[in-house]
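> Here's a sequence, model it:
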Amino acid sequence: MDLTTKDKPTFLFSKNTTDAGFSRLGQVWSEPTVAKIRMKKGTKYESKDVIIVAGGYDTCYENPSFKLQTSGDNTSCDKKTQAEGNAVYILDASDGSIISSISGSDSGTNHTKVTSMNHSVVGGITALDRDDDGNIDHLYYADLGGSVYRVDLNAGAANANLVKRVVRVLKASSDDQTVPYRFYERPIVSFYTSPYQEIFASVTVASGDRSTPLSMLRDTDNPNYLFNLFDYDIAQSSIFSYTNDKLISKDKTVNDLVSLPFKQNNTLKNLTNRKASYRR
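Numbers count the residues shown, from 1 in each chain. Presented below is the predicted three-dimensional model:
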């Protein structure tokens, strides 16, 4: 909607799975993120208004025991290799055209395929401006399979080169986990300085089951958690020249995290290791 004239709003565009490039779209629950991205246009640069949309929800998750590539009560969900909504779209705010998209599938031009990205992205997208120039440089998002991703954007690039890298910073669910963790909300990101005077991002997500909140599949022996990941890569001034093998914060699992239960004894946990993160 164009609300330039508040008493006469005008309809700009709508998108669905029949539109080119939107085949992975599910039920969009979250509010789109509105931002600006510095992009190259010809020989000049412009700050473009964009909206960033999470792919959305797949109704197969109504079953609390739903897992990809397995069979269950709903035959339409049997043996699914990818859930609907396993995507993120960066759109031109003026007409809804795709500037860049990310998903686990091949999907048109200006697209980045992430092979591990198979679950619905229901929560919103967290966008960060690293240099306070009014244009975003990074995105964080989480999915219903227990993964959290960071996107590094090439400021000033053309559409085809906008996404520098997509890295999975947290893989909370193992491949053989009976009930995978689900993240329904966007990651919360804040910045701190370590005892070693290193700036890092604290990325927080909470698991749960909004689809069936009374499900008994989670219990005291198999609980939901508040996960907190320390991302040291994002604050590095040279991150955009890094190769993936130099990244510290990638593919972290539950075994990499320090457990901080609510019922603590008098022994303090060691979180001074620069790679340490925690769950509670």
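> host element of residue 36?
Here residue 36, judged by DSSP states H and E, is contained in strand 33-41.
> quick one: average confidence on that strand?
Model confidence over strand 33-41 averages 91 on the pLDDT scale.
> Okay, buried residues for it please.
Applying a neighbour-count criterion of 16 or more other CB atoms under 10 Å, the buried positions in strand 33-41 are 33, 35-40. Every C-beta, even on glycine, is put in place using the N, C-alpha and C of the backbone.
> Please apply the same query to stretch 170-190.
Buried positions in stretch 170-190, judged by neighbour count with 16+ other CB under 10 Å: 170-173, 179-187, 189.
> Equivalent analysis for stretch 231-241, please.
Counting neighbours by 16+ other CB under 10 Å, the buried set in stretch 231-241 is 231-234, 236, 239.
> now stretch 46-60
For stretch 46-60, the buried set under the neighbour-count rule, 16+ other CB under 10 Å, comprises 48, 50-60.
> Which of those fall in strands?
Within these, residues falling in strands by DSSP state E are 48, 50-54.
> Closest to residue 14 out of the buried residues of stretch 231-241?
Looking at the buried residues of stretch 231-241 and their distance to residue 14, the nearest is residue 234, at 33.9 Å (CB to CB).
> Quick one: residues contacting the closest one.
Taking CB atoms under 8 Å, 6 or more residues apart in numbering as the definition of contact, the neighbours of residue 234 are 128, 130, 138, 150, 200-201, 249.
> any weak-confidence spans in this protein?
Low-confidence segments of the chain, defined by pLDDT under 70: 219-221, 262-280.
> give me the element residue 90 is part of.
Mapping residue 90 onto the secondary structure by DSSP H and E places it in strand 87-92.
> before we move on, back to that, how about the buried residues of strand 33-41, which pair is most distant?
Every pair in the buried residues of strand 33-41 was compared (CB to CB); the two farthest apart turn out to be 33 and 40, at 21.8 Å.
> circling back: ok, and the most crowded of the contacts of residue 234?
The member of the contacts of residue 234 surrounded by the most neighbours (other CB atoms under 10 Å) is residue 150, with 28 neighbours in all.
> hang on, the earlier thing: in TSV, list the buried residues of strand 33-41 along with distance to residue 19.
As requested, the buried residues of strand 33-41 are exported to TSV (distance: CB to CB, whole Å):
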residue	distance to residue 19
33	20
35	22
36	24
37	21
38	26
39	22
40	25
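> Return the member of those nearest to residue 214.
Residue 214 lies nearest to residue 33 out of the buried residues of strand 33-41, by CB to CB, at 30.8 Å.
> thought the closest one was touching residue 127?
Yes - counting by CB atoms under 8 Å, residue 33 sits close enough to residue 127 to count as a contact (5.2 Å).
> Now the common contact residues for these two.
Taking CB under 8 Å, 6+ apart as the criterion, residue 33 and residue 127 both touch residue 52.
> Would you mind measuring the gap between the ends of stretch 173-187?
Using CA to CA, to the nearest Å, one end of stretch 173-187 lies 16 Å from the other.
> What lies in contact with that stretch?
The contact list for stretch 173-187 (CB under 8 Å, 6+ apart) reads 30, 61, 64-65, 67, 119, 122-126, 140-148, 172, 203-211, 217-218, 222, 224-225, 253-254.
> Make a ChimeraX selection of the buried ones in those.
Paste this into ChimeraX to select the buried members of the contacts of stretch 173-187, with burial taken from 16+ other CB under 10 Å:
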select :30,61,64,67,119,122,123,124,125,126,140,141,142,143,144,145,146,147,148,172,203,204,205,206,207,209,211,218,225,254
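> which residues in this structure form strands?
With DSSP E as the criterion, the chain has strands spanning 33-41, 44-54, 87-92, 98-103, 111-113, 126-128, 138-142, 147-153, 163-171, 188-193, 199-206, 226-231, 257-259, 277-279.
> I'd like to know which of these is closest to residue 5.
Smallest distance to residue 5 across these (CB to CB): 17.6 Å, for strand 44-54.
> Direction included, what does that closest one pair up with?
strand 33-41 (antiparallel), strand 87-92 (antiparallel) (DSSP bridges).
> can you put these in JSON lines and add distance to residue 81?
Compiled in JSON lines, the strands paired with strand 44-54 are given as follows (distance: least, CB to CB, whole Å):
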{"stretch": "strand 33-41", "distance to residue 81": "28"}
{"stretch": "strand 87-92", "distance to residue 81": "15"}
